[in-house]
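Student: Next input, structure requested:
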Amino acid sequence: AQQIVAGLVGGDQVAHRADAACARSERRHLPVGTALAEFLESAELGEVELFQFRNVVKEIKNPKSEISLEESKHLDPGAEIGDSLGIKLNTADFGRIATQTAKQVIIQKIKDAEKDAVFASFIDRKGEILNGIVQRIDRGDIIVNLGQTEAILPVREQVPKETYRRGDRIRALILDVLQESRGPQILLSRTHPNFLVNLFKTEVPEISEGIVDVMGAAREPGSRAKIAVSSNDSDIDPVGACVGMKGTRVQNVVQELRGEKIDIIPWHVDAARFVCNALAPAEISRVIIDEENRSMEVIVPDEYLSVAIGKRGQNVRLASKLSGWHLDVNSESSYSEAMRTGYDSLTQLSSVGISLADALYEKGFYSAEEVSKASVEELLQIRDITEDMAKQLVEDAKKYVVAQTQDEASPDQQTTDAPSEELD
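Tutor: Residues are numbered from 1 along each chain as shown. Alright, predicted model coming up:
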């Protein structure tokens, strides 16, 4: 067993664990007070030697752990009082139980060494892509043979509609390495965005060389993905580098992902420009940014609304994940209608005239509802507004919002009450 795992865990580690195993098992079968301090093994002969250590003393008080100076001279002429003399034990004198115990403990220790070695070899490889062979499928989880150990690809980390059979080759990302009592558990993933990033690193030399940087990735596994790239060299187009000659590089990634569509987006330091790139091929009319809530309202021409949103909202959802901003996409017509309605609500406030409504509009207060949520200090930034006017303006806006809410609720109330009147 030592020779089998020597290459994996190292001969010194095997010897150390075997030393501890023999000491543990043989102490049970030696006289009380006997000290085992050394275990020597010969790789050439496949033999082991056990030594019992006894202290050299002038007068023996405990014969089990001490030896007289005169007797020690026969074993080692250079022995002196205070020395610890190792006396070789005849392993043939140990019984069958002691031998079996030592064997079992040594095998267990070597298995522990194997587990520690596997954990040490994979713990620093998290985030890498590796190749394996499907060993078996257990309750939907795919067990992958990596050669020296096994890994697991859980159901939640598998791409929908992908199927594998025993013996199939598979590539996956090392998601995590866990140290458990039954041994290290290596978790794999084919759905993580970093799997997509690492595939591009494999296919695009400019990424591995640091010329092109991957700034982010978002996926809906098996359907569509977006990846943002930028270049550290003005002469190199990051998108073109990832696409490759006649699309060969990106097609290799698509093939590995079983046909998942990939949008390669040029990254931009300006968040609004980046969002516009992420929503391509839709054209963007304007972007309204809310820094505080980290959200953007994106206005697109009516004919591009469905393109910007995508099938079942997929395009805007991926763009939101990629950019890290909450995105609300509206058409120009609905936006214009909302702005017109908001402006009309300002003019309906008793304390607001046309000129004041225009001033509020210029400062970003587009409706009475927004004015009702404003502070007096914010309204004082508007020209020709005093503190009393600002307070009155907020009060009028709140009354207007309450009245509008009641008006919207009253038709529902009338509809609900109508059957009761007929029954009476």
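Student: What helix or strand is the closest residue to T149 other than its chain neighbours located in?
Tutor: Spatial nearest neighbour of T149, chain neighbours left out: V118 (4.8 Å); criterion: Cβ to Cβ, 6 or more residues apart in numbering. The C-beta positions use only the backbone N, C-alpha and C, and glycine is treated the same way. Element membership of V118, judged by DSSP states H and E, is helix 96-123.
Student: Give the other helices and strands that that helix contacts.
Tutor: Other helices and strands packing on helix 96-123, by 3 or more Cβ pairs under 8 Å, 6 or more residues apart in numbering; DSSP states H and E, are helix 2-9, helix 11-26, strand 169-180, strand 183-189.
Student: could you give the angle of whichever helix or strand comes after it to strand 169-180?
Tutor: Following helix 96-123 in sequence order, the next helix or strand is strand 129-138 (DSSP H and E). Angle between the axes of strand 129-138 and strand 169-180 is 80 degrees (criterion: axes from the mean of the first three to the mean of the last three Cα atoms, to 10 degrees).
Student: Tell me the helix or strand right after strand 129-138.
Tutor: strand 141-145.
Student: what is the orientation angle of that next one with strand 129-138?
Tutor: Using the same axes, to 10 degrees: strand 141-145 against strand 129-138 is 120 degrees.
Student: Buried residues in strand 141-145, which are they?
Tutor: Neighbour-count burial for strand 141-145, with 16 or more other Cβ atoms under 10 Å as criterion, is recorded at D141, I142, V144, N145.
Student: for that strand, packing partners?
Tutor: Strand 141-145 packs on strand 129-138, strand 150-153, strand 169-180, going by 3+ Cβ pairs under 8 Å, 6+ apart.
Student: Model confidence for H29, exactly?
Tutor: We have a pLDDT of 52 for H29.
Student: next one: T101
Tutor: 74.
Student: swap in K363?
Tutor: 79.
Student: coming back round to it: which one of the helices and strands packed on strand 141-145 lies nearest to Q314?
Tutor: strand 169-180 (22.7 Å; Cβ to Cβ).
Student: got the buried residues for the closest one?
Tutor: Per 16+ other Cβ under 10 Å, strand 169-180 contains these buried residues: I170, R171, A172, L173, I174, L175, V177.
Student: what does it rub up against?
Tutor: 119, 122-123, 125-134, 142, 144, 151, 153, 157, 164, 184-190, 192, 194-195, 198, 256 (Cβ atoms under 8 Å, 6 or more residues apart in numbering).
Student: redo that, cut-off 6 Å
Tutor: 119, 122-123, 125-126, 128-129, 131-134, 144, 153, 185-190, 192, 194-195 (Cβ atoms under 6 Å, 6 or more residues apart in numbering).
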